[in-house]
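Enquirer: Could you work out the structure for the sequence below:
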Amino acid sequence: MDTTVPAREELWRAYLPEWLVAYSSTLSGDTGWEECYAFLRRNYDGKLHHHDFRFVTPDGQAPGADSGYSGRWVLQLRLNNLRGEFRDKDDAVKLAAELGSDAEVVAKFSREDRKLAGYGKRRLHGQ
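Expert: Sure thing, here's the model as predicted:
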């Protein structure tokens, strides 16, 4: 009986950092902003860099702090979004080129893959 484990086929993944909606407030104005901020602190404190989250209106606008905006707020996170998985690395590279300069191609199950897929889920080092 052969007990050897067959080699795993190498797969390639294309990731693109994108702004994704993480939470929408149920309240409006300053109270709605505070609601989104509390959600951020409760779920992502220490897991994101400061430039990877933002508070915007439902249509994606970012009003200034003293704009007097009185509507609902949306918390957006800039996360690595898996856009494709390929058997051929050239296909992954082609998709990444189409997606733009922020796209990355990594081998599935590699250290880089775990780092990209895990961003926002685990605490960042040094915090």
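
Enquirer: and the most centrally placed residue in the chain, bridged to which residues?
Expert: Central residue of the chain (Cα atoms, centre = their mean): residue 79, 1.0 Å from the mean position. Per DSSP bridges, the residues bridged to residue 79 are residue 18.

Enquirer: Check what pLDDT it gets.
Expert: What the model reports as pLDDT for residue 79 is 95.

Enquirer: and it, what does it touch?
Expert: With contact taken as Cβ atoms under 8 Å, 6 or more residues apart in numbering, residue 79 is in contact with 17-18, 20, 52, 119-120. For glycine as for every other residue, the C-beta is placed from the backbone atoms N, C-alpha and C.

Enquirer: Check the spacing between it and residue 53 real quick.
Expert: 10 Å (Cβ to Cβ, to the nearest Å).

Enquirer: mind listing the strands for this structure?
Expert: Under the criterion DSSP state E, the chain contains strands at 12-28, 53-56, 72-86, 104-107.

Enquirer: I'd like the ones you listed written out as CSV, with distance to residue 40 added.
Expert: Conversion of the strands of the chain to CSV gives the following (distance: least, Cβ to Cβ, whole Å):
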stretch, distance to residue 40
strand 12-28, 8
strand 53-56, 6
strand 72-86, 6
strand 104-107, 25
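
Enquirer: nearest to residue 46, of the ones you listed?
Expert: strand 53-56 (12.1 Å; Cβ to Cβ).

Enquirer: quick one: buried residues of that closest one?
Expert: 53, 55-56 (16 or more other Cβ atoms under 10 Å).

Enquirer: pLDDT-wise, what's the bottom of the contacts of residue 79?
Expert: For the contacts of residue 79, the pLDDT minimum is residue 120, 90.

Enquirer: Could you report the neighbour count for it?
Expert: By other Cβ atoms under 10 Å, 19 other residues sit near residue 120.
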